[in-house]
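> Turn this into a model:
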Amino acid sequence: MAEPQTFNSKYIVLITVVASLGGLLFGYDTAVISGAVGALNNFFIRSLEQDPQLALQAILEFKIIISICILAIGILFASFILKFFKRGTAIGIIALILLLGGAIYYFQFLTLPGVLTENLKNSILGFMVSSALVGCIIGAALGDKTANSIGRRNGLLLAAFLFLLSAVGSAYPDGMNFFFGSSLSSFILYRIVGGIGVGLASMLAPLYIAEMAPAKIRGKLVSFYQLAIVTGMMVVYFVNYFIVQGQSEEWIDATGWRQMFLSESIPSFLFFICLLLVPKTPRFQVMKGKDEEAMKVLNKLNPPENARNILRDIKASFSVKKAHWLAFGWGVVVIGLLLSVFQQFVGINVVLYYAPEIFRGMGMETDASLLQTIIVGAINMIFTVVAIFSVDNFGRKKLMMIGSAVMAFSMIGLGFALYTGNTGMLALLLMLLYIAAFAMSWGPVVWVLLSEIFPNSIKGVMAVAVAVQWLANLLVSWTFPMMNNNSFLVETFNQGFPYWIYGGMAVLSGLFIWKFVPETKGRTLEDMEEIWRGNKEIE
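Model prediction:
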């Protein structure tokens with residue numbers, strides 16, 4: 001006999017679909033740039049080569065924007081340092097970082113002459129592509145405060161508005177230039193605005209789903225958020241392909257890239273409207289002392305007797321005391337941070353952001369390169385689904401180690417394929433193998449591990465891990481054009497060099513998982529606490 005339904009499944013699915021649109025836009029916004037890299041280079045960077053005065057102004061504005069971004073990120077990480085160390089020690093560490101970092105930044109960047117060198121061109125292009133990630137770091141860091149001040153749903157409404165603003169502003173940075181600078185600077189700033197929306201959505205959408213979903217199906221519903229992200233990437237790959245199909249390079253450089261960014265305004269507007277139709281979470285309502293409003297939402301989701309019990313549990317959960325972030329020592333903190341760093345240092349977002357450019361570098365036309373990118377997106381999506389349904393059966397550690405081994409093999413192999421000029425089917429198969437390995441291991445499983453390794457009393461450390469993840473993403477995405485387009489490296493290694501770096505990182509990531517990361521499958525949070533206290537061994 002079937003177990004009676006104890007919750008309103010249709011209403012919960014509706015709420016999950018609406019919140020998951022935040023994940024879809026997350027994927028859409030981060031991947032839309034992939035089809036426009038070449039056009040952005042031709043539209044913005046090439047114009048600087050032809051006008052030294054314009055180049056001088058652009059370089060000055062670039063230095064100012066980078067300085068502001070570094071200051072914002074520095075303030076954010078200084079706040080994290082203050083939470084890890086005693087005040088005196090923290091101030092000493094921050095002062096040392098400011099002294100050393102400031103000296104390097106001043107002499108290696110700010111004092112550079114206003115000349116558009118090859119490395120500077122590649123740096124500007126890399127930052128154009130990765131600038132949204134600066135916003136992601138800021139948005140993710142502000143996610144907790146946003147969730148607790150204006151709420152989970154209203155925070156998502158803010159994210160939807162930022163997505164919409166970024167879509168229109170990135171498409172027309174010249175016509176919507178309210179920043180008193182060049183259109184290049186305007187484009188970068190609108191991408192950062194969109195990144196703030198991504199950062200907010202990356203925290204608030206899973207949180208909203210988790211707080212609305214019944215415990216029995218919470219894990220499955222939250223996991224669909226990751227599926228929504230790769231779906232968003234897949235959608236935008238198709239959109240980019242259909243925009244440029246049959247069009248000339250001149251049209252793509254002048255108009256096509258604008259349509260790519262503007263296309264995001266449609267799902268952004270839909271997300272904003274749909275959010276107006278869903279309620280605030282019961283947990284947020286209780287936090288603000290609105291028990292009656294919370295009860296109304298719980299009654300829509302559950303039978304009355306269950307709703308009362310859930311309300312009681314929500315109230316009890318606020319009594320859990322937060323511990324110092326180092327209450328369990330440095331081990332768990334360092335492991336969490338390195339999981340985030342390695343997830344990006346294996347080079348996944350280089351492939352996702354620059355895939356069309358990589359394929360064009362293999363000699364393909366624009367249409368063909370974007371079609372190959374669709375295949376990349378399809379593989380990413382299919383193997384993410386495989387991971388969702390296998391992570392609980394196969395185990396986190398095994399999946400991660402196998403993923404590292406296959407990624408190392410495929411990236412090192414891809415580097416040698418490019419080095420020897422074998423840019424045909426072999427190179428494509430190695431790239432697809434890499435995507436499949438990442439999608440069923442380091443892609444979704446890192447998020448599972450981060451949610452499981454941190455005891456409840458220090459869950460705040462997750463904010464640091466997420467911020468570090470976005471920072472690592474920024475560094476990898478920014479530096480790829482500097483390696484891939486550098487004349488010396490291209491002449492010496494024929495564009496194989498970056499992939500050997502990422503392959504080496506994949507080797508290190510596997511060794512790290514094998515030696516230091518515990519298996520969390522089947523373990524309670526109490527078990528994990530015992531491991532970090534040293535009462536149990538890492539298996």
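> Tell me the gap between stretch 94-101 and the middle of its chain.
27 Å (Cα atoms, centre = their mean, to the nearest Å).
> tell me the mean pLDDT for that stretch?
Averaging pLDDT along stretch 94-101 gives 85.
> Please look at residue 461 and residue 455 and confirm they touch.
No. Applying Cβ atoms under 8 Å, one finds residue 461 not in contact with residue 455, separated by 9.5 Å. The way it works is simple: take the backbone N, C-alpha and C, and place the C-beta from them, glycine included.
> what is in contact with the two at once?
By Cβ atoms under 8 Å, 6 or more residues apart in numbering, residue 461 and residue 455 have these common neighbours: residue 332.
> max-length helix in the protein?
helix 52-84 (DSSP state H).
> So which bits of that helix are buried?
55, 57-59, 61-62, 65-66, 69, 72-73, 76-77, 80-81, 84 (16 or more other Cβ atoms under 10 Å).
> Tell me what angle the following helix or strand past it forms with helix 52-84.
Next helix or strand after helix 52-84 toward the C-terminus (DSSP states H and E): helix 87-105. Orientation note: helix 87-105 sits at an angle of 160 degrees relative to helix 52-84 (axes from the mean of the first three to the mean of the last three Cα atoms, to 10 degrees).
> Taking helix 52-84 as reference, get the angle to the helix or strand just after helix 87-105.
Next helix or strand after helix 87-105 toward the C-terminus (DSSP H and E): helix 118-130. Between the axes of helix 118-130 and helix 52-84, defined by the same axes, to 10 degrees, the angle is 60 degrees.
> Could you check how sure the model is about helix 118-130, as an average pLDDT?
Per-residue scores along helix 118-130 average to 86.
> tell me which residues in whichever helix or strand comes after that helix are buried?
Sequence order places helix 132-149 as the next helix or strand after helix 118-130, per DSSP H and E. Neighbour-count burial for helix 132-149, counted by 16+ other Cβ under 10 Å, picks out 132-144, 146-147.
> ok, of these, which one's closest to residue 126?
Lowest distance from residue 126 to the buried residues of helix 132-149 (Cβ to Cβ) belongs to residue 133, with 10.9 Å.
> And that closest one, what's its pLDDT?
Residue 133 is given a pLDDT of 87.
> Mind telling me what element the residue positioned nearest the centre of the chain is part of?
The residue lying closest to the centre of the chain (Cα atoms, centre = their mean) is residue 470, at 5.8 Å. For residue 470, the host element (DSSP H and E) is helix 461-484.
> Extract the C-alpha set from that helix and format it as CSV.
The C-alpha trace of helix 461-484 is given here as CSV (Å, rounded to 0.1, in the frame of the first residue of the first chain):
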residue,chain,number,x,y,z
VAL,A,461,32.8,29.3,6.9
MET,A,462,30.9,28.2,3.7
ALA,A,463,30.7,31.9,2.8
VAL,A,464,34.5,32.1,2.8
ALA,A,465,34.7,28.9,0.7
VAL,A,466,32.2,30.2,-1.9
ALA,A,467,34.0,33.6,-2.1
VAL,A,468,37.3,31.8,-2.6
GLN,A,469,35.8,29.7,-5.3
TRP,A,470,34.7,32.8,-7.2
LEU,A,471,38.1,34.4,-6.7
ALA,A,472,39.8,31.3,-8.1
ASN,A,473,37.4,31.3,-11.0
LEU,A,474,38.3,34.9,-11.7
LEU,A,475,42.1,34.2,-11.6
VAL,A,476,41.8,31.2,-14.0
SER,A,477,39.5,33.0,-16.4
TRP,A,478,41.5,36.2,-16.4
THR,A,479,44.9,34.5,-17.0
PHE,A,480,43.8,32.1,-19.7
PRO,A,481,44.1,34.7,-22.6
MET,A,482,47.5,35.8,-21.2
MET,A,483,48.8,32.2,-21.6
ASN,A,484,46.8,31.2,-24.7
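> Show the subsequent helix or strand relative to it.
helix 487-493.
> Buried residues in that following helix, which are they?
Those would be 489, 490, 493, for helix 487-493 by 16+ other Cβ under 10 Å.
> list the contacts for the second one?
Contact criterion Cβ under 8 Å, 6+ apart gives residue 484 as the residues in contact with residue 490.
> roughly how far apart are it and residue 123?
Computed as Cβ to Cβ, to the nearest Å, the residue 490 to residue 123 distance reads 16 Å.
> where in the stretch 1-150 of the chain is pLDDT low?
Scanning the stretch 1-150 of the chain for pLDDT under 70 picks out 1-9.
> And the stretch 401-539 of the chain, by the same measure?
423, 456, 522-528, 534-539.
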